Structures are given as C-alpha cells and as structure tokens.
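Trainee: Curious how this folds, go ahead:
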Amino acid sequence: MKQIAAIGATGLAMAVSASAHAESAYIAQVNGKAGVTVSTSASQPAQLMPVANYAPRQTAYVPTPEATQSSRSNNIAQTLQIGSYNHVLQLQTGGNNYSHVGTIGGTDNDVSVLQGGRDYSNLNLINTQGLNIAVLQPPGSAPINMLIARLPNGSLLIKR
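Mentor: Numbers count the residues shown, from 1 in each chain. From the prediction side, this is the model:
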C-alpha cells in the first residue's frame, strides 16, 4: 500500500512538473520575428547640439573663515573639548585677539578667557577635574601660554 502511494505521488509530481513553464529572466527588447518596415517619408537630419570645449578649471585655495585674517578686528577664538561636562567661555573685545582653549580628557572644568584687545592666550587642560580658571587680559597685556595637567601619580603640573 505504501509503495502504491509513493508511486502515485511520484507520478503526480512528474505530471505537474512536466506542465510547468518558466519565463526568461531577461526582458526581450526586440522581437526577432518582426518584419523590417521601411518608411516612405524622407528622413529628417539629426539635429546637432553645440558642445562646449573642455577647459580644465583652475582651482585656488580659499581659506575657511577661521583661517582668514580680517583687516578690521582679527579676533579668533578656538576651543577643543574632549571629555565631559566642561564649560568654556571666550569673550573678546577690541582687535587683534587670539585665544585657544583645549580641554582633553577632563571633567567638570570651567574656563573663561576675557580679552580686551591686542592679546594672545593659549591654555590647555589635560586630565583635570573640577578646575575653575579665568584668564583676564586687559588691552595689550602679555601673552599667556599655559599647560595644566593632572599626572598619573595625582599631582598637578602647571607649565608656563
């Protein structure tokens, strides 16, 4: 009985698969059996489009607004913060001010740089925590270049 059921199932599968047809995966674009037709009307000439000659473009360096120096004030304030919960305020008045503050790997630091004019400051904090630093520069004051770092042994390095 099981053999008859197996033979019947095999025969049914062969009958179904014999009638199955699949279409090609490719799209036929031209029918090969179609006849060629010739138009009796005069063919129109192809219209030509003018094409511009290729000329290589010259490129020029255009600096970003931060890198340009204006003839009026030259105030530049740059901040780099890598850490968490650091706050940096840079306020510049007058002209010819430059200020850079970097906090790298620190947390909860507050830094303020106030410049009055013709000032230069560069302040870097590395691995510091909870420091409050204020740089006050009246017009024409001496430049400040300072590094404050927390060393692996826990001591604080202040380099001027």
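
Trainee: I'd like to know the predicted local confidence at residue 75, please.
Mentor: For residue 75, the pLDDT comes out at 87.

Trainee: Could you do the one 10 residues further on as well?
Mentor: The predicted local confidence for residue 85 comes out at a pLDDT of 94.

Trainee: got it, and residue 55?
Mentor: pLDDT at residue 55 comes out at 56.

Trainee: ok, residue 82 - contacts?
Mentor: Contacts for residue 82 were tallied using Cβ atoms under 8 Å, 6 or more residues apart in numbering; they are 103, 104, 105. For every residue, glycine as well, the C-beta is placed using N, CA and C.

Trainee: Tabulate these (CSV), appending pLDDT and distance to residue 80.
Mentor: Putting the contacts of residue 82 into CSV (pLDDT from 0 to 100; distance: Cβ to Cβ, whole Å) gives the following:
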residue, pLDDT, distance to residue 80
103, 94, 7
104, 94, 7
105, 91, 11
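
Trainee: Of those, which is the nearest to residue 95?
Mentor: Nearest to residue 95 among the contacts of residue 82 is residue 103, at 26.7 Å by Cβ to Cβ.

Trainee: Near the closest one, how many other residues are there?
Mentor: 27 (other Cβ atoms under 10 Å).

Trainee: Cool, thanks, signing off.
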